[in-house]
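1. How does the following fold in three dimensions:
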Amino acid sequence: MELETKKLLHDVVAACEAILDFTTGKDFTAYENDRLLRSGVERQFEIIGEALNRLSHRDPETANYISSLNNIIGFRNRIIHGYDDVDGLIVWNTISENVLPLKDEALKLLK
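-> Predicted coordinates for the structure are as follows:
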């Protein structure tokens with residue numbers, strides 16, 4: 001595996017861990033009412049989406065092992081370009097349902 005591929009996958013893992021750390025012990029109401037928390041989570045999703053977008057161009061074979069790759073990249077684009085209309089509940093549900101599985105996929109690829 002190329003060094004750049006490893007770096008991008010490590011970036012995904014680190015961003016997933018940050019999101020999980022930021023939101024541990026929090027509920028949706030706490031998330032919704034904390035601008036700093038929302039900003040931090042959204043930034044980490046931007047990093048995940050950008051890292052996977054780069055990976056899809058540099059190492060498409062590896063990127064294809066990431067389930068929902070295109071949805072993740074699209075989610076990043078939505079957060080960045082539709083920043084003024086981000087649905088907090090969608091973000092929260094994404095945290096709850098998708099971040100840990102994505103982290104596990106990236107770690108598996110790194111092994």
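
2. and the lengthiest helix in the chain, how far from the chain's centre?
-> Longest helix of the chain, by residue count under DSSP state H: helix 35-58. How far helix 35-58 lies from its chain's middle: 5 Å, per Cα atoms, centre = their mean, to the nearest Å.

3. Just the buried residues of that helix, please?
-> Within helix 35-58, the residues scored as buried using 16 or more other Cβ atoms under 10 Å are 38, 40-42, 44-56. Every residue, glycine included, has its C-beta placed from N, CA and C.

4. Which strands and helices lie in contact with it?
-> For helix 35-58, the elements it packs on are helix 3-23, helix 28-33, helix 60-63, helix 69-81, helix 88-94, judged by 3 or more Cβ pairs under 8 Å, 6 or more residues apart in numbering; DSSP states H and E.

5. so which of those helices gets nearest Ala106?
-> Within the helices and strands packed on helix 35-58, the stretch nearest Ala106 is helix 3-23; the backing value is 4.4 Å (Cβ to Cβ).

6. burial of the nearest residue to His10 once chain neighbours are set aside, as a residue count?
-> Among residues not flanking His10 along the chain, Leu110 sits closest, at 7.1 Å (Cβ to Cβ, 6 or more residues apart in numbering). Neighbours of Leu110 under the rule other Cβ atoms under 10 Å: 13.

7. Pull the contacting residues for Leu110.
-> For Leu110, the contact set (Cβ atoms under 8 Å, 6 or more residues apart in numbering) comprises 1, 6, 9-10, 13.
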